[in-house]
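1. take this sequence and fold it.
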Amino acid sequence: MSNKPTDGQRHGSDATASPEPTARTNDAALARIGDALRGLRYGSVLAIVQDGVVVQIERTEKTRLDKSAR
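-> Have a look, this model is predicted:
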């Protein structure tokens, strides 16, 4: 068996260093993602996650022109 450190040991991270996200935090993030999706016909919603917590939500909306308007 190797004594080689695992990724967590090599980077000095501790399992207790970052607390698990709470259910309230998850519910709030899901609600905000739902708001971003609501009414979106063409586009994307991107959730940025750090340490298991959604820290940013980006909404990009596209406007499609009718063929007659082109």
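
2. going forward, measure contacts between C-alpha atoms and count neighbours the same way
-> Fine.

3. going along the chain, name the strands of this structure.
-> Under the criterion DSSP state E, the chain contains strands at 43-50, 53-61.

4. residue 24 is nearest to which of those strands?
-> Among the strands of the chain, strand 53-61 comes nearest to residue 24, with 11.3 Å by C-alpha to C-alpha.

5. what's that closest one in contact with?
-> Residues outside strand 53-61 that contact it (C-alpha atoms under 8 Å, 6 or more residues apart in numbering): 21, 25-26, 29, 32-33, 36, 40-49.

6. filter the residues you listed down to the buried ones, ChimeraX style.
-> ChimeraX command restricting those to the buried ones, with burial defined by 16 or more other C-alpha atoms under 10 Å:
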select :29,33,36,47
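
7. ok so, going back, got TSV for the strands of the chain, with distance to residue 67 and mean pLDDT too?
-> Output for the strands of the chain, formatted as TSV (distance: least, C-alpha to C-alpha, whole Å; pLDDT from 0 to 100):
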stretch	distance to residue 67	mean pLDDT
strand 43-50	19	96
strand 53-61	19	96
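
8. let me have those strands in JSON lines, adding distance to residue 68 as columns.
-> Listed next are these as JSON lines, based on distance: least, C-alpha to C-alpha, whole Å:
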{"stretch": "strand 43-50", "distance to residue 68": "21"}
{"stretch": "strand 53-61", "distance to residue 68": "21"}
